[in-house]
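Peer 1: Pasted the sequence and its predicted model underneath.
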Amino acid sequence: MTSRYWVILGLCALGSSARAAEVSGTFSALIDARQRGVARLSNVSTANPYGTLVADTVNDDPLYGLATLQVDKLTTVLDESRVVLMGWGRLQMAPKPSGDDPAGLMRAGYDIDKSSADLQLGYLELRKGDLHMRVGRQHLLEGVDRMLMIDGIDVGYHTSIGVGLSAFYGWVVKREMKDISGEWAAGGRISYRLGLNGEVGVSYSQRQNEGEVDFAEVGIDGFYNFGKARVIGLAVVGPVEKALAEARLAVSVPVQKNLLVTLDGLRIRPDLLIPRTSIFSVFSEGNHDELGGDVSYDPSAFYNVGVEGHMIRRAGGDLQDDLTYSANTGWRGSVRASTFREASHRNQIGIEARRMSEKDNGYWRGRVFTVLQVLEPLRITADAYGYLYDEKVNAENKAIVGQLSGIFDIAKSFRVAATVSAGSTPYAKQQVEGWLRLAYGYETDLAREYVP
């Protein structure tokens with residue numbers, strides 16, 4: 001456990017000791033039982049020291065726990081003050097596999113014996129007027145910034161004239177508190193409110209690894225409401241490569257009261273979205289372009305329908321004789337419909353059909369799903385997918401996957417959920433998984449009111 005971890009908890013404890021007021025939280029436990037396919041060594045002997053590689057299955061029965069804690073109104077001096085903690089743990093209950101490979105040397109990178117824990121969130125948040133600050137382990141998502149988790153500080157200020165300023169700096173957090181030494185992230189954003197109808201902002205962010213810039217981008221984002229229509233857009237440029245990494249634009253227009261039409265387009269250059277130190281950045285394709293739209297029609301509160309379609313172009317498809325790449329073009333489209341038993345949408349049945357047509361990646365997909373409020377405390381959901389591939393994958397051209405879940409509210413703050421999923425895919429002839437989840441939530445008010 002790193003010293004930085006204790007610093008985060010110390011900051012949160014310092015804030016919470018000032019004035020404990022409103023405390024709320026949840027605790028969930030999840031059992032996930034399944035069998036996984038593995039490869040192991042067998043028949044290891046002096047005459048055959050390398051053994052024989054055979055396929056096998058092992059039990060994988062981890063017990064997960066997720067806990068959240070939030071303490072609000074730490075002090076009356078500030079407009080907002082809170083501490084947020086969220087952590088999880090995993091306890092592997094399956095017995096260690098027996099045989100000639102007890103250490104799991106041939107498990108394709110999956111450590112089935114591993115038990116672990118991690119702190120997902122742990123920050124102190126303060127706000128006074130138009131100034132806010134968040135310190136600790138947190139998720140960042142501002143402007144065109146990617147979802148990033150850091151151990152650091154995020155500060156923002158919004159002026160009365162519509163100008164907003166924000167900046168962040170901190171260590172980049174990896175899965176299970178494993179971070180690369182010297183990897184930092186920093187950035188900021190300047191925004192301007194366009195009255196009550198919109199906002200536009202410019203941002204810059206970068207990540208450093210061992211003193212070198214590993215990833216950097218300059219972005220502009222904004223939205224604006226033209227009457228009932230809304231325009232949303234963003235553009236991201238790699239300042240080192242001086243090239244467009246990503247651009248998105250969408251226009252939504254309510255043609256009628258129950259008819260919404262959305263037109264959108266995007267361009268992505270995948271290699272500019274990958275850190276330079278990643279080996280995958282040199283294997284990336286060229287530009288990925290899409291252009292199309294979506295139409296949603298809700299003639300009543302009891303059913304709705306929708307249609308979506310996009311043209312797709314990927315630069316960098318087949319390798320030609322002159323060592324250049326040809327473009328791969330295609331399209332995707334879908335139709336969907338849902339019906340509801342009541343206007344509150346507590347009970348729903350829906351169907352969807354999708355077609356993806358590309359030279360090397362085409363398929364048909366059908367989906368049927370339902371949500372049923374059988375009793376006041378009991379809700380059942382079911383989802384089934386069927387795939388038919390244009391090209392065979394592992395000698396198979398179809399897949400069927402289904403899932404059935406039940407959620408039962410035992411009490412106001414206590415819920416149990418059970419899920420079973422099964423299917424047959426090109427990667428597993430038979431696959432069955434089960435989940436059992438128990439969730440408990442609580443809320444208490446520890447504040448005291450003093451009346452002179």
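Peer 2: Arrived safely. Since this is a predicted model, take the numbers as computed values, not measurements. Residues are numbered from 1 along each chain as shown.
Peer 1: Determine the number of other residues adjacent to Trp171.
Peer 2: 19 (other C-beta atoms under 10 Å). C-beta: built from backbone N, CA, C; applies to glycine.
Peer 1: and it, how far is that from Trp88?
Peer 2: The gap separating Trp171 from Trp88 is 20 Å, by C-beta to C-beta, to the nearest Å.
Peer 1: Find the nearest non-adjacent residue to the residue sitting nearest the centre point of the chain, please.
Peer 2: In the chain, the C-alpha nearest the mean C-alpha coordinate belongs to Met147, at 8.6 Å (C-alpha atoms, centre = their mean). Using C-beta to C-beta, 6 or more residues apart in numbering and skipping residues adjacent in sequence, the residue nearest Met147 is Leu141, 5.5 Å away.
Peer 1: Isn't Cys275 up against Arg207?
Peer 2: Actually, residue 275 is Pro. It isn't Cys. Yes - if you go by C-beta atoms under 8 Å, Pro275 and Arg207 touch, sitting 6.8 Å apart.
Peer 1: Show residues contacting stretch 402-416.
Peer 2: 377-385, 417-423, 436-443 (C-beta atoms under 8 Å, 6 or more residues apart in numbering).
Peer 1: Mind giving me the PyMOL command for buried ones among the residues you listed?
Peer 2: Selection of buried members from the contacts of stretch 402-416 for PyMOL, criterion 16 or more other C-beta atoms under 10 Å:
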select buried, resi 379+380+381+383+385+417+419+421+423+437+438+439+440
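Peer 1: Mutual contacts of Pro275 and Arg207, please.
Peer 2: With C-beta under 8 Å, 6+ apart, Pro275 and Arg207 have common neighbours Asp214, Phe215.
Peer 1: Please say which of the two ends up with more neighbours.
Peer 2: Between Pro275 and Arg207, counting by other C-beta under 10 Å, Arg207 is the more crowded of the two (23 against 13).
Peer 1: in the sheet, who's paired with the more buried one?
Peer 2: For Arg207, the beta-bridge partners are Ala185, Phe215 (DSSP bridges).
Peer 1: That one: what's it in contact with?
Peer 2: Val172, Glu183, Trp184, Ala185, Val213, Asp214, Phe215, Ala216, Pro275.
Peer 1: Quick one: residues contacting the last one.
Peer 2: Okay, so that is Pro275. Pro275 touches Arg207, Asn209, Asp214, Phe215, Ser281, counting by C-beta under 8 Å, 6+ apart.
Peer 1: redo that, cut-off 7 Å
Peer 2: By C-beta atoms under 7 Å, 6 or more residues apart in numbering, the contact set of Pro275 is Arg207, Asp214, Phe215.
Peer 1: next one: the fifth one
Peer 2: With contact set as C-beta under 7 Å, 6+ apart, Val213 has these partners: Gln206.
Peer 1: Quick check: phi and psi at it.
Peer 2: phi -70, psi 120 (degrees, to the nearest 10).
Peer 1: From Gly152, how far off is it?
Peer 2: The value you get for Val213 to Gly152, if C-beta to C-beta is used, is 17 Å.
Peer 1: can you check Tyr192 too?
Peer 2: 26 Å.
Peer 1: who's more crowded, those two?
Peer 2: Gly152 (23 against 15).
Peer 1: correct me, but that one touches Val172?
Peer 2: No - at 9.1 Å, Gly152 does not count as touching Val172 under the criterion of C-beta atoms under 7 Å.
Peer 1: Now find how far off-centre stretch 302-314 is within its chain.
Peer 2: Remark: stretch 302-314 is offset 22 Å from the chain centroid, using C-alpha atoms, centre = their mean, to the nearest Å.
Peer 1: Check which residues of it are buried.
Peer 2: Applying 16+ other C-beta under 10 Å to stretch 302-314 flags Asn304, Gly306, Glu308, His310, Ile312, Arg313, Arg314 as buried.
Peer 1: Nearest residue to the first one in space, ignoring adjacent ones along the chain?
Peer 2: Which is Asn304. Per C-beta to C-beta, 6+ apart, closest to Asn304 is Asp298, 4.3 Å.
Peer 1: of all the buried residues of stretch 302-314, which comes closest to Ser28?
Peer 2: Each of the buried residues of stretch 302-314 was checked against Ser28 using C-beta to C-beta; the closest is Asn304, at 32.1 Å.
Peer 1: for the helix or strand where the closest one lies, packing partners?
Peer 2: For Asn304, the element it lies in under DSSP states H and E is strand 303-319. Applying 3 or more C-beta pairs under 7 Å, 6 or more residues apart in numbering; DSSP states H and E, one finds that strand 303-319 makes contact with strand 288-300, strand 325-340.
Peer 1: Give me the number of neighbouring residues for Ala235.
Peer 2: So Ala235, with other C-beta under 10 Å, has 17 neighbours.
Peer 1: tell me the contacts of it?
Peer 2: Counted by C-beta under 7 Å, 6+ apart, Ala235 has contacts Gly219, Ile220, Leu244, Ala247.
Peer 1: mind running it again at 8 Å?
Peer 2: Val144, Gly219, Ile220, Asp221, Leu244, Glu246, Ala247, Arg248.
Peer 1: Only the buried residues of the helix or strand encompassing it, if you could.
Peer 2: Here Ala235 sits within strand 229-238, counting by DSSP H and E. By neighbour count with 16+ other C-beta under 10 Å, strand 229-238 contains the buried residues Arg230, Ile232, Gly233, Leu234, Ala235, Val236, Val237, Gly238.
Peer 1: Next: stretch 77-93.
Peer 2: Buried residues in stretch 77-93 (16+ other C-beta under 10 Å): Leu78, Ser81, Arg82, Val83, Val84, Leu85, Met86, Gly87, Trp88, Arg90, Gln92.
Peer 1: Which strand or helix spans the fourth one?
Peer 2: Of the helices and strands defined by DSSP H and E, Val83 is found in strand 80-92.
Peer 1: Run through the stretch 51-200 of the chain and note the low-pLDDT ranges.
Peer 2: 51, 53, 55-56, 94-113, 142-143, 145-146, 175-182 (pLDDT under 70).
Peer 1: Strands along that one, start to end?
Peer 2: 52-60, 62-72, 80-92, 116-128, 131-140, 148-158, 163-172, 184-194, 198-209 (DSSP state E, counting those that start in this stretch).
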